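Trainee: Fold the following, please.
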Amino acid sequence: MIKISFKIKYLLSTLAFVAITAGHAQTITTERHAIRVVQRISGLQHPWSIAFLPDGRALITERPGRLRMVSKNFQLAPVAITGLPAVAASGQGGLLDVALHPRFTDNRLVYVSYSAGDRNGIGTEVARGVLNGNRLDNVQVIFRMAPKLPNGYHFGSRLVFDREGFLFITLGDRGEMERAQNPGDHNGSVIRLHDDGRVPKDNPFVGKPGWRPEKFTLGNRNMQGAALHPTTGLLWTHEHGPQGGDEINVIRAGVNYGWPVITYGANYGIGTKIGEGTHKDGMAQPLHKWVPSIAPSGMAFYSGDKFPNWRGDLFVGALKDRMLVRLKLDGEKVVHEERMLINTLGRIRDVRVGPDGYIYLLTDEPNGVLARIEPAG
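Mentor: Alright, predicted model coming up:
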(Lines give C-alpha, C1' and ligand atoms only; values in the text may rest on other atoms or scores of the structure.)
Protein backbone atom coordinates (compact mmCIF):
# COMPACT_ATOMS: atom_id res chain seq x y z
CA MET A 1 0.00 0.00 0.00
CA ILE A 2 2.81 2.41 0.80
CA LYS A 3 4.43 1.90 -2.59
CA ILE A 4 1.12 2.33 -4.42
CA SER A 5 0.34 5.52 -2.49
CA PHE A 6 3.75 6.95 -3.31
CA LYS A 7 3.33 6.14 -7.01
CA ILE A 8 -0.10 7.77 -7.11
CA LYS A 9 1.23 10.88 -5.36
CA TYR A 10 4.18 11.05 -7.79
CA LEU A 11 1.87 10.57 -10.79
CA LEU A 12 -0.47 13.34 -9.67
CA SER A 13 2.40 15.77 -9.14
CA THR A 14 3.84 14.81 -12.54
CA LEU A 15 0.50 15.36 -14.28
CA ALA A 16 0.20 18.78 -12.66
CA PHE A 17 3.68 19.67 -13.90
CA VAL A 18 2.88 18.40 -17.42
CA ALA A 19 -0.27 20.54 -17.48
CA ILE A 20 1.83 23.58 -16.66
CA THR A 21 4.64 22.82 -19.11
CA ALA A 22 2.17 22.15 -21.91
CA GLY A 23 0.87 25.71 -21.66
CA HIS A 24 -2.59 24.66 -20.48
CA ALA A 25 -2.14 25.63 -16.86
CA GLN A 26 -4.71 24.28 -14.43
CA THR A 27 -6.64 26.58 -12.16
CA ILE A 28 -5.52 26.33 -8.54
CA THR A 29 -7.75 27.57 -5.75
CA THR A 30 -5.95 29.26 -2.87
CA GLU A 31 -7.45 30.87 0.22
CA ARG A 32 -7.61 34.35 -1.30
CA HIS A 33 -7.23 34.00 -5.08
CA ALA A 34 -7.82 31.53 -7.88
CA ILE A 35 -4.54 31.31 -9.78
CA ARG A 36 -2.80 29.50 -12.57
CA VAL A 37 0.91 28.74 -12.85
CA VAL A 38 2.32 29.23 -16.32
CA GLN A 39 5.77 28.06 -17.33
CA ARG A 40 7.60 30.77 -19.25
CA ILE A 41 11.08 29.20 -19.65
CA SER A 42 12.46 25.66 -19.25
CA GLY A 43 15.88 24.09 -19.68
CA LEU A 44 17.66 26.16 -17.02
CA GLN A 45 20.43 24.38 -15.12
CA HIS A 46 19.92 24.93 -11.41
CA PRO A 47 18.75 28.56 -11.72
CA TRP A 48 19.28 30.59 -8.55
CA SER A 49 18.06 34.15 -9.02
CA ILE A 50 16.30 36.55 -11.38
CA ALA A 51 16.53 40.34 -11.75
CA PHE A 52 14.21 42.36 -13.99
CA LEU A 53 15.67 45.04 -16.24
CA PRO A 54 13.86 48.35 -16.81
CA ASP A 55 13.34 47.57 -20.51
CA GLY A 56 11.32 44.41 -19.81
CA ARG A 57 14.14 41.89 -20.14
CA ALA A 58 15.55 39.89 -17.22
CA LEU A 59 18.77 38.29 -15.99
CA ILE A 60 18.85 34.75 -14.57
CA THR A 61 21.78 33.11 -12.81
CA GLU A 62 22.55 29.41 -13.20
CA ARG A 63 24.56 27.89 -10.38
CA PRO A 64 27.21 26.25 -12.62
CA GLY A 65 28.36 29.78 -13.49
CA ARG A 66 26.23 31.21 -16.29
CA LEU A 67 24.37 34.53 -16.38
CA ARG A 68 21.54 34.33 -18.92
CA MET A 69 19.55 37.07 -20.64
CA VAL A 70 15.79 36.66 -21.08
CA SER A 71 13.95 38.72 -23.71
CA LYS A 72 10.70 40.61 -23.17
CA ASN A 73 8.74 37.69 -24.65
CA PHE A 74 10.59 35.13 -22.49
CA GLN A 75 13.09 33.85 -25.02
CA LEU A 76 16.30 32.63 -23.42
CA ALA A 77 19.43 33.92 -25.16
CA PRO A 78 21.42 30.90 -26.41
CA VAL A 79 24.79 32.34 -25.31
CA ALA A 80 25.53 33.28 -21.71
CA ILE A 81 26.70 36.77 -20.78
CA THR A 82 30.50 36.97 -20.73
CA GLY A 83 32.91 38.84 -18.49
CA LEU A 84 31.98 37.27 -15.15
CA PRO A 85 34.72 36.53 -12.61
CA ALA A 86 35.81 32.90 -12.18
CA VAL A 87 33.14 30.90 -10.32
CA ALA A 88 34.00 27.86 -8.18
CA ALA A 89 30.83 25.80 -8.58
CA SER A 90 31.26 23.25 -5.80
CA GLY A 91 28.67 21.68 -3.52
CA GLN A 92 26.05 24.31 -2.73
CA GLY A 93 28.22 27.03 -4.25
CA GLY A 94 28.34 28.55 -7.70
CA LEU A 95 26.84 31.63 -9.32
CA LEU A 96 24.17 32.74 -6.86
CA ASP A 97 22.34 36.06 -6.65
CA VAL A 98 22.03 38.90 -9.15
CA ALA A 99 20.88 42.46 -8.41
CA LEU A 100 20.77 45.79 -10.21
CA HIS A 101 22.23 49.01 -8.86
CA PRO A 102 19.41 51.37 -7.72
CA ARG A 103 20.51 53.77 -10.50
CA PHE A 104 20.92 51.05 -13.13
CA THR A 105 19.27 53.17 -15.81
CA ASP A 106 22.15 55.64 -15.50
CA ASN A 107 25.16 53.42 -14.72
CA ARG A 108 24.16 49.94 -16.05
CA LEU A 109 25.78 48.28 -13.00
CA VAL A 110 24.93 44.63 -12.31
CA TYR A 111 25.97 42.89 -9.06
CA VAL A 112 26.48 39.13 -8.69
CA SER A 113 27.34 36.93 -5.72
CA TYR A 114 29.18 33.66 -6.26
CA SER A 115 31.57 31.20 -4.66
CA ALA A 116 35.22 31.72 -5.54
CA GLY A 117 38.38 29.90 -4.58
CA ASP A 118 41.87 30.62 -3.30
CA ARG A 119 44.59 28.46 -1.73
CA ASN A 120 42.59 28.17 1.51
CA GLY A 121 39.31 27.00 -0.03
CA ILE A 122 36.20 28.69 -1.34
CA GLY A 123 33.87 31.41 -0.11
CA THR A 124 31.26 33.94 -1.18
CA GLU A 125 32.37 36.96 -3.18
CA VAL A 126 30.49 39.85 -4.76
CA ALA A 127 31.43 41.58 -8.01
CA ARG A 128 29.90 44.31 -10.10
CA GLY A 129 30.20 45.18 -13.78
CA VAL A 130 28.66 47.35 -16.46
CA LEU A 131 26.14 45.52 -18.64
CA ASN A 132 27.10 46.21 -22.22
CA GLY A 133 25.12 44.09 -24.66
CA ASN A 134 26.00 40.48 -23.92
CA ARG A 135 28.97 41.29 -21.70
CA LEU A 136 29.87 42.66 -18.29
CA ASP A 137 32.63 45.26 -18.61
CA ASN A 138 34.85 46.88 -15.97
CA VAL A 139 34.20 44.04 -13.54
CA GLN A 140 35.36 44.71 -9.97
CA VAL A 141 35.29 42.38 -6.97
CA ILE A 142 33.94 44.52 -4.14
CA PHE A 143 33.71 41.88 -1.38
CA ARG A 144 35.55 38.67 -0.51
CA MET A 145 34.39 36.50 2.38
CA ALA A 146 37.13 35.71 4.88
CA PRO A 147 38.18 33.18 5.80
CA LYS A 148 37.61 30.84 2.88
CA LEU A 149 37.07 27.19 3.81
CA PRO A 150 37.54 23.86 2.02
CA ASN A 151 33.94 22.60 2.27
CA GLY A 152 30.98 23.21 -0.06
CA TYR A 153 28.24 24.25 2.39
CA HIS A 154 26.22 27.33 3.37
CA PHE A 155 27.31 30.21 1.15
CA GLY A 156 24.16 32.33 1.59
CA SER A 157 23.70 34.48 -0.48
CA ARG A 158 21.28 37.29 -1.32
CA LEU A 159 22.00 40.86 -2.41
CA VAL A 160 19.63 43.69 -1.45
CA PHE A 161 20.01 47.45 -1.79
CA ASP A 162 18.16 49.51 0.80
CA ARG A 163 16.49 52.87 0.23
CA GLU A 164 19.67 54.75 1.12
CA GLY A 165 21.70 52.83 -1.46
CA PHE A 166 23.59 50.56 0.95
CA LEU A 167 24.23 47.00 -0.21
CA PHE A 168 23.35 44.10 2.11
CA ILE A 169 24.94 40.68 1.55
CA THR A 170 23.67 37.62 3.41
CA LEU A 171 26.24 34.95 4.25
CA GLY A 172 26.06 31.42 5.63
CA ASP A 173 28.22 29.91 8.35
CA ARG A 174 29.93 27.72 5.71
CA GLY A 175 29.02 24.56 7.59
CA GLU A 176 31.21 25.39 10.60
CA MET A 177 28.61 26.63 13.03
CA GLU A 178 30.89 28.15 15.66
CA ARG A 179 32.11 30.71 13.10
CA ALA A 180 28.72 32.47 13.21
CA GLN A 181 29.65 33.82 16.67
CA ASN A 182 33.23 34.74 15.73
CA PRO A 183 33.63 38.53 15.39
CA GLY A 184 36.70 38.03 13.18
CA ASP A 185 34.80 35.94 10.62
CA HIS A 186 32.43 37.12 7.92
CA ASN A 187 30.72 33.72 8.09
CA GLY A 188 27.18 33.60 9.45
CA SER A 189 26.44 37.30 9.19
CA VAL A 190 24.80 40.07 7.19
CA ILE A 191 27.32 42.38 5.51
CA ARG A 192 26.60 46.09 4.83
CA LEU A 193 28.63 48.08 2.30
CA HIS A 194 28.56 51.14 0.09
CA ASP A 195 27.79 50.31 -3.53
CA ASP A 196 31.53 50.28 -4.37
CA GLY A 197 32.51 48.01 -1.48
CA ARG A 198 33.60 50.65 1.03
CA VAL A 199 32.63 50.10 4.65
CA PRO A 200 30.02 52.59 5.98
CA LYS A 201 31.32 54.56 8.94
CA ASP A 202 28.15 53.85 10.91
CA ASN A 203 28.35 50.06 10.68
CA PRO A 204 27.88 48.74 14.23
CA PHE A 205 31.32 47.14 14.67
CA VAL A 206 33.52 49.75 12.99
CA GLY A 207 36.54 50.49 15.19
CA LYS A 208 35.82 47.59 17.55
CA PRO A 209 39.04 45.56 18.04
CA GLY A 210 38.87 42.08 16.57
CA TRP A 211 35.66 42.68 14.64
CA ARG A 212 35.22 42.67 10.87
CA PRO A 213 33.92 46.18 10.11
CA GLU A 214 31.78 44.92 7.21
CA LYS A 215 29.61 42.91 9.61
CA PHE A 216 26.13 44.24 10.33
CA THR A 217 24.89 41.21 12.33
CA LEU A 218 26.15 37.89 13.67
CA GLY A 219 24.69 34.53 14.68
CA ASN A 220 23.02 33.67 11.38
CA ARG A 221 23.16 30.15 9.92
CA ASN A 222 22.47 30.25 6.17
CA MET A 223 20.32 33.07 4.77
CA GLN A 224 18.92 32.35 1.29
CA GLY A 225 16.05 34.82 1.33
CA ALA A 226 16.11 38.60 1.81
CA ALA A 227 13.79 41.48 0.94
CA LEU A 228 13.01 45.03 2.04
CA HIS A 229 9.72 45.58 3.82
CA PRO A 230 7.63 47.81 1.53
CA THR A 231 6.49 50.11 4.37
CA THR A 232 9.31 50.23 6.91
CA GLY A 233 12.20 49.75 4.47
CA LEU A 234 13.83 47.31 6.91
CA LEU A 235 15.63 44.22 5.64
CA TRP A 236 13.90 40.93 6.38
CA THR A 237 15.73 37.62 5.92
CA HIS A 238 15.09 33.95 6.40
CA GLU A 239 17.62 31.26 7.13
CA HIS A 240 17.87 27.49 7.12
CA GLY A 241 17.85 25.72 10.45
CA PRO A 242 19.16 22.21 11.04
CA GLN A 243 16.36 19.63 11.04
CA GLY A 244 13.92 22.34 12.09
CA GLY A 245 14.43 25.86 13.27
CA ASP A 246 14.16 27.71 9.96
CA GLU A 247 13.77 31.38 10.87
CA ILE A 248 12.49 34.70 9.60
CA ASN A 249 14.26 37.70 11.13
CA VAL A 250 14.08 41.47 10.85
CA ILE A 251 17.67 42.63 10.45
CA ARG A 252 18.88 45.38 12.77
CA ALA A 253 22.37 46.77 13.28
CA GLY A 254 24.58 44.87 15.70
CA VAL A 255 22.01 42.22 16.66
CA ASN A 256 23.10 38.68 17.54
CA TYR A 257 20.58 36.22 16.09
CA GLY A 258 21.84 33.36 18.21
CA TRP A 259 23.14 30.58 15.99
CA PRO A 260 24.42 28.14 17.21
CA VAL A 261 24.06 29.13 20.86
CA ILE A 262 20.27 29.18 20.62
CA THR A 263 18.17 27.46 17.97
CA TYR A 264 14.87 25.65 17.46
CA GLY A 265 16.66 23.07 15.31
CA ALA A 266 18.40 19.84 16.23
CA ASN A 267 21.37 17.79 15.07
CA TYR A 268 20.68 16.00 11.79
CA GLY A 269 19.70 12.37 12.05
CA ILE A 270 20.06 11.98 15.80
CA GLY A 271 17.85 14.90 16.87
CA THR A 272 19.99 15.95 19.83
CA LYS A 273 20.06 19.50 21.16
CA ILE A 274 22.36 22.14 19.72
CA GLY A 275 23.78 24.89 21.91
CA GLU A 276 22.13 26.10 25.10
CA GLY A 277 18.46 25.91 24.20
CA THR A 278 16.07 28.32 22.50
CA HIS A 279 16.50 31.55 24.54
CA LYS A 280 19.40 33.57 25.89
CA ASP A 281 19.71 37.15 27.02
CA GLY A 282 21.27 39.36 24.36
CA MET A 283 20.23 37.09 21.49
CA ALA A 284 17.22 37.79 19.29
CA GLN A 285 14.21 35.53 18.90
CA PRO A 286 13.00 34.85 15.35
CA LEU A 287 9.95 36.65 14.08
CA HIS A 288 8.69 33.30 12.73
CA LYS A 289 10.04 29.74 12.73
CA TRP A 290 9.36 26.40 11.07
CA VAL A 291 9.68 23.11 12.97
CA PRO A 292 10.12 20.80 11.10
CA SER A 293 12.13 22.58 8.45
CA ILE A 294 10.72 23.58 5.05
CA ALA A 295 14.19 24.58 3.70
CA PRO A 296 13.25 28.15 2.69
CA SER A 297 14.83 29.92 -0.27
CA GLY A 298 13.82 33.17 -1.93
CA MET A 299 11.33 35.64 -0.51
CA ALA A 300 9.33 38.64 -1.65
CA PHE A 301 6.73 41.02 -0.27
CA TYR A 302 3.74 41.40 -2.56
CA SER A 303 2.85 45.00 -3.41
CA GLY A 304 1.48 44.65 -6.95
CA ASP A 305 -2.03 45.08 -8.31
CA LYS A 306 -2.69 41.65 -9.88
CA PHE A 307 -3.55 40.03 -6.52
CA PRO A 308 -5.19 42.68 -4.30
CA ASN A 309 -6.00 40.20 -1.53
CA TRP A 310 -2.31 39.37 -1.19
CA ARG A 311 -1.06 42.93 -0.93
CA GLY A 312 1.38 43.24 1.99
CA ASP A 313 1.83 39.47 2.35
CA LEU A 314 5.24 37.76 2.41
CA PHE A 315 5.96 34.89 0.02
CA VAL A 316 8.66 32.28 0.70
CA GLY A 317 9.82 29.42 -1.53
CA ALA A 318 10.60 26.00 -0.07
CA LEU A 319 13.13 23.48 -1.32
CA LYS A 320 12.46 20.48 0.92
CA ASP A 321 8.67 20.52 0.68
CA ARG A 322 8.56 21.90 -2.90
CA MET A 323 5.99 24.58 -2.24
CA LEU A 324 5.25 28.29 -1.95
CA VAL A 325 4.35 29.71 1.46
CA ARG A 326 2.23 32.83 1.96
CA LEU A 327 2.52 34.63 5.29
CA LYS A 328 -0.09 37.15 6.43
CA LEU A 329 1.50 39.86 8.57
CA ASP A 330 0.43 42.21 11.30
CA GLY A 331 3.41 44.51 11.67
CA GLU A 332 6.32 42.25 12.63
CA LYS A 333 4.07 39.33 13.53
CA VAL A 334 2.95 36.43 11.33
CA VAL A 335 -0.76 35.89 11.92
CA HIS A 336 -1.49 33.25 9.27
CA GLU A 337 0.38 30.82 7.01
CA GLU A 338 -0.88 29.27 3.77
CA ARG A 339 0.98 26.54 1.89
CA MET A 340 0.35 26.26 -1.85
CA LEU A 341 1.70 24.64 -5.03
CA ILE A 342 2.88 21.60 -3.05
CA ASN A 343 4.73 19.26 -5.46
CA THR A 344 3.46 21.28 -8.42
CA LEU A 345 6.70 22.79 -9.71
CA GLY A 346 9.67 21.41 -7.79
CA ARG A 347 12.27 22.90 -5.46
CA ILE A 348 11.41 26.60 -5.44
CA ARG A 349 14.69 28.51 -5.22
CA ASP A 350 13.70 32.13 -5.90
CA VAL A 351 10.54 34.19 -5.51
CA ARG A 352 10.19 37.63 -7.10
CA VAL A 353 7.41 40.08 -7.85
CA GLY A 354 7.88 41.35 -11.38
CA PRO A 355 7.32 44.93 -12.50
CA ASP A 356 4.12 43.64 -14.15
CA GLY A 357 2.68 42.63 -10.75
CA TYR A 358 2.91 38.87 -11.37
CA ILE A 359 4.82 36.53 -9.05
CA TYR A 360 7.76 34.71 -10.62
CA LEU A 361 9.30 31.46 -9.37
CA LEU A 362 12.56 29.68 -10.23
CA THR A 363 13.00 25.96 -9.58
CA ASP A 364 16.39 24.59 -8.56
CA GLU A 365 16.48 21.54 -10.80
CA PRO A 366 18.78 20.15 -13.54
CA ASN A 367 15.98 21.18 -15.91
CA GLY A 368 14.83 24.23 -13.97
CA VAL A 369 11.97 26.48 -14.99
CA LEU A 370 10.86 30.07 -14.70
CA ALA A 371 7.15 30.06 -13.90
CA ARG A 372 4.68 32.88 -13.46
CA ILE A 373 1.68 32.99 -11.13
CA GLU A 374 -1.28 34.71 -12.81
CA PRO A 375 -4.88 35.32 -11.76
CA ALA A 376 -7.15 32.60 -13.15
CA GLY A 377 -9.69 33.89 -15.63
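
Trainee: With adjacent residues omitted, what lies nearest to Pro147?
Mentor: Counting by C-beta to C-beta, 6 or more residues apart in numbering, Pro147 lies nearest to Asn120, which is 6.2 Å off, once chain neighbours are set aside. To be clear about C-beta, it is placed using only N, CA and C from the backbone, and glycine gets the same treatment.

Trainee: pretty sure that neighbour is in contact with Pro150, am I right?
Mentor: Yes - with contact defined as C-beta atoms under 8 Å, Asn120 and Pro150 form a contacting pair (7.5 Å).

Trainee: what comes up buried for stretch 159-176?
Mentor: Neighbour-count burial for stretch 159-176 flags 159-161, 166-176 (criterion: 16 or more other C-beta atoms under 10 Å).

Trainee: just stretch 340-354 next, same as before
Mentor: Within stretch 340-354, the residues that count as buried by 16+ other C-beta under 10 Å are 340-341, 344-354.

Trainee: Kindly report the same for stretch 242-252.
Mentor: Within stretch 242-252, the residues that qualify as buried by neighbour count (16+ other C-beta under 10 Å) are 242-249, 251.

Trainee: now swap in stretch 193-203 and tell me
Mentor: Buried residues in stretch 193-203, counted by 16+ other C-beta under 10 Å: 193, 195, 197, 199-200, 203.

Trainee: outside of it, which residues touch it?
Mentor: Contact with stretch 193-203 is made by 101-102, 109, 126, 128, 140, 142-143, 161, 165-167, 169, 192, 206, 213-216, 253, as judged by C-beta atoms under 8 Å, 6 or more residues apart in numbering.

Trainee: for stretch 365-374, same thing?
Mentor: Looking at what lies outside stretch 365-374 - C-beta under 8 Å, 6+ apart - the contacts are 20-21, 25, 35-47, 50, 60, 62, 70, 74, 306, 345-347, 349, 354, 358-363.

Trainee: list the contacts for Ser113?
Mentor: So Ser113 contacts 96-98, 124-126, 156-159, 169 (C-beta under 8 Å, 6+ apart).

Trainee: ok, so of these, who is nearest Val261?
Mentor: Gly156 (20.0 Å; C-beta to C-beta).

Trainee: what number of residues lie near Asn120?
Mentor: Using other C-beta atoms under 10 Å, Asn120 has 11 neighbouring residues.

Trainee: what sits against it?
Mentor: Going by C-beta under 8 Å, 6+ apart, the list of residues near Asn120 reads 147-150.

Trainee: Quick one: buried ones out of these?
Mentor: Neighbour counting over those (16+ other C-beta under 10 Å) leaves 147-149 as the buried ones.

Trainee: I'd like the residues you listed written out as a markdown table, with distance to Tyr257 added.
Mentor: Output for these, formatted as a markdown table (distance: C-beta to C-beta, whole Å):
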| residue | distance to Tyr257 |
| --- | --- |
| Pro147 | 21 |
| Lys148 | 23 |
| Leu149 | 21 |
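
Trainee: Next, format these as CSV and append distance to Tyr114, pLDDT and secondary structure.
Mentor: CSV is the format used below for these (distance: C-beta to C-beta, whole Å; pLDDT from 0 to 100; DSSP: H, G, I helix; E, B strand; the rest coil):
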residue, distance to Tyr114, pLDDT, secondary structure
Pro147, 17, 95, coil
Lys148, 13, 94, coil
Leu149, 16, 95, strand
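
Trainee: which residues of this structure fall in helices?
Mentor: Secondary structure of the chain (DSSP state H): helices at 2-21, 104-107.

Trainee: which one of these has the lowest average pLDDT?
Mentor: Note on the helices of the chain: helix 2-21 shows the lowest mean pLDDT, a mean of 40.

Trainee: which of the buried residues of stretch 159-176 sit farthest apart?
Mentor: Phe161 and Glu176 (29.1 Å).

Trainee: Would you confirm that Asn107 contacts Val130?
Mentor: Yes - if you go by C-beta under 8 Å, Asn107 and Val130 touch, sitting 7.2 Å apart.

Trainee: okay, now Arg63: neighbour count?
Mentor: 23.

Trainee: any idea how far Lys72 is from it?
Mentor: 25 Å (C-beta to C-beta, to the nearest Å).

Trainee: now Arg212
Mentor: In terms of C-beta to C-beta, Arg212 sits 42 Å off from Lys72.

Trainee: picking that back up, strands - which of the buried residues of stretch 193-203 land there?
Mentor: Counting by DSSP state E, the buried residues of stretch 193-203 place Leu193 in strands.
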